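Q: Build me a model from this:
(2 chains)
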Amino acid sequence: MVLGKSGQAARATRLVTVIGVSMSLADTADAHARPTWLALDKLGVLIAIVAAVGVVLPFALFRANRIVPGETIMLPAALPLPLVFLLAAVLLAGFVAALLRWPAWLKLATGFVVLATLFVLVGLAASYLTPEGETFARVSPGAGFWVLAFAFALLVTDALTRLRLRPQYRVAILVAVILAMALLLWSGLWNDLSMLKEYASRAQAFWSEAQTHLLLAFGSVATAALVGVPLGMVCYKVRRLRAGVLNVLNIVQTIPSIALFGLLIAPLAWVAANVPGAKAIGISGIGAAPALLALFAYSLLPIVSNTVVGLLGVSPAAIDAARGMGMTRWQRLLAVELPLAFPVILTGIRIVLVQNIGLTTIAALIGGGGFGVFVFQGIGQTAMDLVLLGAVPTVALAFAAAVLLDALVDMTARGARP
Amino acid sequence: MSWGIAIRLVALVVLVVFLVQPELFAGVFGALTQNGQPSIYNQGSLLDITLSHLGIVAVATLAATLVAVALAIIVTRPFGAEFLPLSRSLANIGQTFPPVAVLALAVPLLGFGTAPTLVALFLYGLLPIFENTLTGLTSTPPAVVEAARGMGMTGWQRLVRVELPIALPVILGGIRLSVVISLATATIGSTVAARTLGEVIIAGLQSNNTAFVLQGGLIVGVLAVLIYDGLSALERLLLARSGQASRANA
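A: This next block holds a predicted model:
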């Protein structure tokens, strides 16, 4: 009896499993061809719950000056009435798009419309809430805005994942988003937001730190690629070297970044003082030189190990064919193995670039500059707008680099395996 | 006993002696100081700070493991299959957030101290564990799952008795990665006043004392290497016990 029952239960679960699997298969294959377009989307329910929380949280934060605690302002009070209705209508459309099993492109379009409306209106809310002629008052986006933006960013991300766009289209969407953000910033719609007020009072410093940040992040990755790929090739050819080199690079990774930055100060100061010409090319103990060297050291492991893994993964058939054509060892390596391993090597470079864009913020602790300057100043003054001024561009930069290089990896992987 | 184990044992003993009696090493670090600076960190016990550092990492990793494994189980069940593609993209996007930014942004919500560090380490620890659990659960040989089904196991029994034990070494690999990242990242927590070894390093940076920087960095580095190797050994043991010995050498 008991046995029979559990057997039945097992069969029932199996049946449910089969139905569940076939359902999700049908979804991915042709969701929009199904007549049940009114059916609820499970993920959409989650997104709608998050968004609903966003609606009831304060939309904006008002402070009399930049460091006092502020008062929270709910959505209906944050905007002139017509705009409140506009936002309500757009959000409603967003809820519907999230909840129903619409085709992914329609969800994507609706998600982008909701995000664009949110971004424009938060700027308008800042202008609306700032008293006339008041220069110390700060209006910043409240928790509600962030939660709403997060919910609909989820919708957009999910739609993009389901669409499985070709890399060219993904890059095109990225460029369109960057252009839209540039237009928004250029139009002055956001000028009354607190983060932009922090920017206005240090525009010059912002761009010079941005330059340093880019130089450190991209410069370290470029030099690491120039050194790491040949080093990886040598490790691939010379087996005895492989374990040793990878172990040393592994240990470098375990040293905390702050310590590595700090430890390079003394040797570089010594070099600057004792090697003629070193100072002239900008080497000194404090500043950009130790930061660049530390970032370079961190970048080597992923690049070298991915080069080795990529080369090891080249199919023996391809190597045999090249050998049959009468190619020498070096010709094979450069003309056959390296191009075939390229997507894997590029993946290593992608990991390192995204990681270094983030790590560069720490360079500010040793006077290396970069966006970290604003983050640490902001922490010191408990001025969160200043922290955001450093953190938001860093995250945006890392995100854009990730999308771009992922697309590149996909493109080269397709080229390598036709 | 092999050379590798001997070296690690020596490193462990030296580390423990250094933490308990740092003055014994004053001469070694003295060479790095100038103008009569103290050569051993003197604003708190190194042992206490190290234990606090390890405690923060342990709590964050434990929480991350529980949440990440639970999430991975949900998205690999038929019920949560719809969430699988999105969770993969989210894990990817999460990695583009630099730890400093996460820390700094957690401060207004949680105040200065240990809490924002715990949150940042927790969020950072999720990703590798989640990815590895997914890999482990989705790469269970179909024949094994089929056999379990044929024996009349329910979905829950299959998960607990078959899929999770087979995936355990891979999950442990994710935890190992997460612990090593957290050990290094926790030092950044000291910029928002968490009690970690970053305190020693930052004190060194501020007073231009290389001995402090080296002490803090070395303790974290040695701890990371020892914990990494320890967990690797545990993984090999588990692989051998669950009959996947061929994978253990990979």
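
Q: which strands and helices sit next to the longest helix seen in chain A?
A: Longest helix in chain A by number of residues (criterion: DSSP state H): helix A:203-237. Helix A:203-237 sits against helix A:239-254, helix A:288-312, helix A:338-359, helix A:372-380, helix A:384-416, with contacts defined as 3 or more Cβ pairs under 8 Å, 6 or more residues apart in numbering or on different chains; DSSP states H and E. Placement of C-beta: from N, CA and C, glycine included.

Q: how close does the closest residue to A:Leu333 other than its chain neighbours sit to A:Pro339?
A: Excluding its sequence neighbours, the residue lying closest to A:Leu333 (Cβ to Cβ, 6 or more residues apart in numbering or on different chains) is A:Met233, at 6.7 Å. Using Cβ to Cβ, to the nearest Å, A:Met233 is found at 13 Å from A:Pro339.

Q: quick one: which of the two has more around it?
A: A:Met233 (20 against 14; other Cβ atoms under 10 Å in any protein chain shown).

Q: what's near enough to touch the more buried one?
A: With contact set as Cβ atoms under 8 Å, 6 or more residues apart in numbering or on different chains, A:Met233 has these partners: A:307, A:311, A:333, A:338.

Q: Try it again at 10 Å.
A: A:304, A:307-308, A:311, A:333-334, A:337-338, A:341, A:345 (Cβ atoms under 10 Å, 6 or more residues apart in numbering or on different chains).

Q: what stretches of the chain score poorly on pLDDT?
A: I'll assume chain A. Within chain A, the segments meeting pLDDT under 70 span A:1-38, A:67, A:280-286, A:415-418.

Q: my bad, chain B
A: Chain B contains residues with pLDDT under 70 at B:1, B:243-250.

Q: Which element, helix or strand, includes the residue nearest the centre of it?
A: In chain B, the centroid-proximal residue (Cα atoms, centre = their mean) is B:Val179; its distance is 0.5 Å. Secondary structure assignment for B:Val179, by DSSP states H and E: helix B:164-185.

Q: That helix vs chain A: in contact?
A: Yes: against chain A, helix B:164-185 shows contacts by Cβ under 10 Å from any Cβ of the partner chain at B:180-181, B:183-185.

Q: For these, give me CSV that also has neighbour count.
A: Below are these laid out as CSV (neighbours: other Cβ atoms under 10 Å in any protein chain shown):
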residue, neighbour count
B:Val180, 21
B:Ile181, 21
B:Leu183, 27
B:Ala184, 25
B:Thr185, 24
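
Q: Dump these into CSV; add distance to B:Gly113 as well.
A: Below are the residues of helix B:164-185 next to chain A laid out as CSV (distance: Cβ to Cβ, whole Å):
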residue, distance to B:Gly113
B:Val180, 24
B:Ile181, 21
B:Leu183, 19
B:Ala184, 20
B:Thr185, 16
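
Q: how about the helices of chain B, start to end?
A: Using DSSP H, the helices of chain B run over B:3-20, B:26-30, B:46-76, B:84-94, B:99-110, B:114-138, B:142-150, B:155-157, B:164-185, B:198-206, B:210-241, B:245-248.

Q: For A:Gln168, which of the ones you listed is the nearest?
A: For these, proximity to A:Gln168 was assessed by Cβ to Cβ; helix B:84-94 is nearest, at 18.7 Å.

Q: What residues sit buried inside that closest one?
A: B:84-87, B:90-93 (16 or more other Cβ atoms under 10 Å in any protein chain shown).

Q: which of those lies closest to A:Ala225?
A: Each of the buried residues of helix B:84-94 was checked against A:Ala225 using Cβ to Cβ; the closest is B:Asn92, at 21.7 Å.

Q: surely that closest one meets A:Ala402?
A: Yes: counting by Cβ atoms under 10 Å, A:Ala402 is a contact partner of B:Asn92 at 7.3 Å.

Q: Overlap in contacts, these two.
A: Common neighbours of B:Asn92 and A:Ala402 (Cβ under 10 Å, 6+ apart) are A:Val354.

Q: quick check: domain ranges of chain A?
A: What automatic domain parsing lists as the domains of chain A is A:34-191, A:203-416.

Q: most tightly surrounded among the ones you listed?
A: domain A:203-416 (a mean of 19; mean count of other Cβ atoms under 10 Å in any protein chain shown).

Q: Just give the number of residues close to B:Pro116.
A: Using other Cβ under 10 Å, B:Pro116 is surrounded by 23 other residues.

Q: got the contact list for it?
A: If you count contacts by Cβ under 10 Å, 6+ apart, B:Pro116 has them with B:102-110, B:189, B:192-194.

Q: Mark which of those are buried, thanks.
A: B:102-107, B:189, B:192-194.

Q: Report the entries of the residues you listed that also contact chain A.
A: Residues of the buried ones among the contacts of B:Pro116 in contact with chain A (Cβ under 10 Å from any Cβ): B:102-105, B:107, B:192-193.

Q: TSV for those residues, including distance to A:Ala88?
A: Converted to TSV, these look like this (distance: Cβ to Cβ, whole Å):
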residue	distance to A:Ala88
B:Val102	32
B:Leu103	36
B:Ala104	33
B:Leu105	29
B:Val107	33
B:Val192	38
B:Ala193	42
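
Q: quick check, nearest of those residues to chain A?
A: Of all those, chain A sits closest to B:Ala104, with 4.4 Å by Cβ to the nearest Cβ.

Q: Name the helix or strand for the closest residue to A:Val56 other than its chain neighbours, please.
A: Excluding its sequence neighbours, the residue lying closest to A:Val56 (Cβ to Cβ, 6+ apart) is A:Gly144, at 7.3 Å. Assigned by DSSP H and E, A:Gly144 belongs to helix A:143-163.

Q: Tabulate the CA atom coordinates of that helix in PDB.
A: Provided in PDB are the C-alpha atoms of helix A:143-163 (Å, rounded to 0.1, in the frame of the first residue of the first chain):
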ATOM      1  CA  ALA A 143      15.200  54.100  -3.300                       C
ATOM      2  CA  GLY A 144      12.000  53.900  -5.300                       C
ATOM      3  CA  PHE A 145      13.600  55.100  -8.500                       C
ATOM      4  CA  TRP A 146      16.500  52.600  -8.100                       C
ATOM      5  CA  VAL A 147      14.200  49.700  -7.400                       C
ATOM      6  CA  LEU A 148      12.000  50.600 -10.400                       C
ATOM      7  CA  ALA A 149      15.000  51.000 -12.700                       C
ATOM      8  CA  PHE A 150      16.400  47.600 -11.400                       C
ATOM      9  CA  ALA A 151      13.000  45.900 -12.100                       C
ATOM     10  CA  PHE A 152      12.700  47.100 -15.700                       C
ATOM     11  CA  ALA A 153      16.400  46.500 -16.300                       C
ATOM     12  CA  LEU A 154      15.700  42.900 -15.300                       C
ATOM     13  CA  LEU A 155      12.900  42.900 -17.900                       C
ATOM     14  CA  VAL A 156      15.200  44.200 -20.600                       C
ATOM     15  CA  THR A 157      18.000  41.800 -19.700                       C
ATOM     16  CA  ASP A 158      15.700  38.800 -19.700                       C
ATOM     17  CA  ALA A 159      14.200  39.900 -23.100                       C
ATOM     18  CA  LEU A 160      17.700  40.300 -24.500                       C
ATOM     19  CA  THR A 161      18.800  36.900 -23.200                       C
ATOM     20  CA  ARG A 162      15.800  35.300 -24.800                       C
ATOM     21  CA  LEU A 163      16.300  37.000 -28.100                       C
END
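
Q: Could you list every helix and strand in contact with that helix?
A: Judged by 3 or more Cβ pairs under 10 Å, 6 or more residues apart in numbering or on different chains; DSSP states H and E, helix A:143-163 is in contact with helix A:42-56, strand A:60-63, strand A:71-73, helix A:75-78, helix A:81-99, helix A:104-129, helix A:167-187, helix B:84-94.
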